[in-house]
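Colleague: Output the structure for:
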Amino acid sequence: MNRGPADTNFFFLLGEVQRLVRAYADKEAARYGITRAQWAVLAYVERNEGMKQTELAEAMEMQPITLTRLIDKLADNDWIERRGDDNDRRVNRLYLRKSARPLLGKLKGLKAELTATALDGIMPADEQRLLAQLETIKENVRNAIQNTEAEAARREQRYG
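Modeller: Okay, the predicted model is just below:
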């Protein structure tokens, strides 16, 4: 089904917006001595304290070695700590350090600034509609991926 201009511009525009938002967030996070990736790890750990390092890598769709390097840097700055698991000594669980809390407070303010800048000129009702539409797009793509994977598994089972 041809959707006109959306067929030509949609994915390019979406990719360009993502690239620019990432660059902007990196630039602004640097004011606080942190990268956007480190910020994302801190925010995730804040919401999920005690989670396994491997679970965090999976949730963030990140290679474990990449996450390990980020956590090493955050631990060096005394913002995060690894604690061994009581039941499995191979497992590290992640916790915020007290010193991370003021930084996270500042970063919440920065997030509000970044969001306000990105949505400047968009009416509040349109903001909500935009978010809902982006959620719909995300679900459409997620479902398409799952359907493609399921179809590939059926074909492999049939012809495998």
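Colleague: Could you chop this structure up by domain?
Modeller: Taking automatic domain parsing as the criterion, the chain consists of the domains 9-120, 122-160.
Colleague: what about the helices in this structure?
Modeller: Using DSSP state H, the helices of the chain run over 5-29, 36-47, 53-59, 64-76, 100-118, 124-159.
Colleague: Averaged pLDDT, the third one. What do you get?
Modeller: Okay, so that is helix 53-59. Averaged across helix 53-59, the pLDDT comes to 93.
Colleague: Can you give the contact residues for that helix?
Modeller: 41, 44-45, 48, 51, 62-64, 66-68, 71, 82, 91-94 (Cβ atoms under 8 Å, 6 or more residues apart in numbering). (Each C-beta comes from the backbone N, C-alpha and C, glycine too.)
Colleague: which of those count as buried?
Modeller: Listed as buried from these are 41, 45, 51, 62, 67, 71, 92, 93, 94; burial here means 16 or more other Cβ atoms under 10 Å.
Colleague: ok, those vs residue 13, which is closest?
Modeller: Of all the buried ones among the contacts of helix 53-59, residue 13 sits closest to residue 62, with 25.5 Å by Cβ to Cβ.
Colleague: is it true that residue 73 touches residue 38?
Modeller: Yes: counting by Cβ atoms under 8 Å, residue 73 does reach residue 38; the two are 6.3 Å apart.
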